[in-house]
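K.L.:
all I have is the shape, not the residue letters:
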């Protein structure tokens, strides 16, 4: 019998990536809106990725009674004092589109040369279990910010983020398989897998 895991997100890009990363486990992955039959949003009042991931995971676990997996992630640019950070999705303004956020980032980096545009994506995953509480893990991916958007894949800042080891291609120029091999989200999931597998094994006894 498949164990239901509710993803505490309504971001289709995140949902797709997390479903792919969990596809080989005996789980049924659903978004929170699908699980509840209605939209469900949690106010992200935390000051760190970990605080926000825990807030979302606990709220969705309480609302559904199921295992809840929350992702809080974003981009940290060294030249900007690690901004946009937890405000990555709201960098341009509170209801910004990906294109608006990318444009805002490029404006802030207009006078910064490419060699000084070091950045990293960070992802914190929180798994909330009705019986066992919350566990968190983290994954990162380092790179630089390009001078202009390139590529049509992915979402968020992918058209601007150039990860190490791919010949200068942005995340948005990589295939899903290439991105999932090195992304911050895949690395966080690799750290979470032993925790999730232990939960599944315990429940199967």
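P.N.:
Now that the structure is in, tell me what you want to look at. Remember, predicted model here, so these are calculated numbers, not experimental data.

K.L.:
which other residues reach stretch 16-24?
P.N.:
The contact list for stretch 16-24 (C-beta atoms under 8 Å, 6 or more residues apart in numbering) reads 5, 7, 9, 29, 69, 71, 176, 180, 183, 185, 186, 189. Where C-beta positions appear, they are placed from N, C-alpha and C, glycine not excepted.

K.L.:
tell me the SS of the fifth one?
P.N.:
What that stands for is residue 69. strand (DSSP: H, G, I helix; E, B strand; the rest coil).

K.L.:
which among the contacts of stretch 16-24 end up buried?
P.N.:
Among the contacts of stretch 16-24, the ones that count as buried by 16 or more other C-beta atoms under 10 Å are 5, 7, 9, 29, 69, 71, 180, 183, 185, 186, 189.

K.L.:
could you identify the most distant pair in those?
P.N.:
5 and 183 (19.3 Å; C-beta to C-beta).

K.L.:
and the contacts of stretch 16-24 as CSV, adding distance to residue 132 and secondary structure?
P.N.:
What follows is the contacts of stretch 16-24, written out as CSV (distance: C-beta to C-beta, whole Å; DSSP: H, G, I helix; E, B strand; the rest coil):
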residue, distance to residue 132, secondary structure
5, 14, strand
7, 18, strand
9, 21, coil
29, 19, strand
69, 13, strand
71, 19, strand
176, 32, helix
180, 27, helix
183, 27, coil
185, 23, helix
186, 24, helix
189, 18, helix
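
K.L.:
closest one of these to residue 40?
P.N.:
Checking the contacts of stretch 16-24 against residue 40 with C-beta to C-beta, the nearest one is residue 9 at 10.2 Å.
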